[in-house]
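Trainee: Let's see this in three dimensions:
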Amino acid sequence: MLFCKTVLLFVVTALAEILGCYLPYLWLCRGASAALLVPAALSLGSFAWLLTLHPSLGAGRAYAAYGGVYVAVAVIWMWRVEGVIPDRWDLLGTALAVVGMSVIVLAPHSR
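Mentor: The predicted model follows:
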């Protein structure tokens, strides 16, 4: 159960970070309204706050584990939001990142 909650928190954190970076990208590169910077800032603020809620594996471990989930969420974002279908290399890289995250989170660390 703790593992599922941790992964869910990582996913929500990744979505906040990706949205906070994607909205300025739309403004800078796609000509969208500068008003997108307000929700982008709120999203990035939420991202920073969410990072403080991660399990006490040690900050470095938590961020490393989060990175694996971030990769997976970013590939899903690429597919579902940007319409770019992941290829086998995207999927292999994502699988490796998620396995790495699982090792970090589930290992019996000795502090």
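Trainee: If you average pLDDT per helix and strand, which one of the chain comes out bottom?
Mentor: Lowest by mean pLDDT, DSSP states H and E among the helices and strands of the chain is helix 59-80, with a mean of 90.
Trainee: how about that one: buried residues?
Mentor: 61-62, 64-66, 68-77 (16 or more other Cβ atoms under 10 Å). C-beta here means a position set from N, CA and C on the backbone, and glycine is covered the same way.
Trainee: and the angle from the helix or strand following that helix to helix 59-80?
Mentor: Next helix or strand after helix 59-80 toward the C-terminus (DSSP states H and E): helix 88-106. Interaxial angle, helix 88-106 versus helix 59-80 (axes from the mean of the first three to the mean of the last three Cα atoms, to 10 degrees): 150 degrees.
Trainee: Can you tell me what sits against helix 88-106?
Mentor: 3, 6, 10, 55, 57, 61, 64-69, 71-72, 75, 78, 86 (Cβ atoms under 8 Å, 6 or more residues apart in numbering).
Trainee: That helix: how far from the chain's middle?
Mentor: Remark: helix 88-106 is offset 13 Å from the chain centroid, using Cα atoms, centre = their mean, to the nearest Å.
Trainee: any idea how far Lys5 lies from Leu53?
Mentor: As judged by Cβ to Cβ, to the nearest Å, Lys5 and Leu53 stand 10 Å apart.
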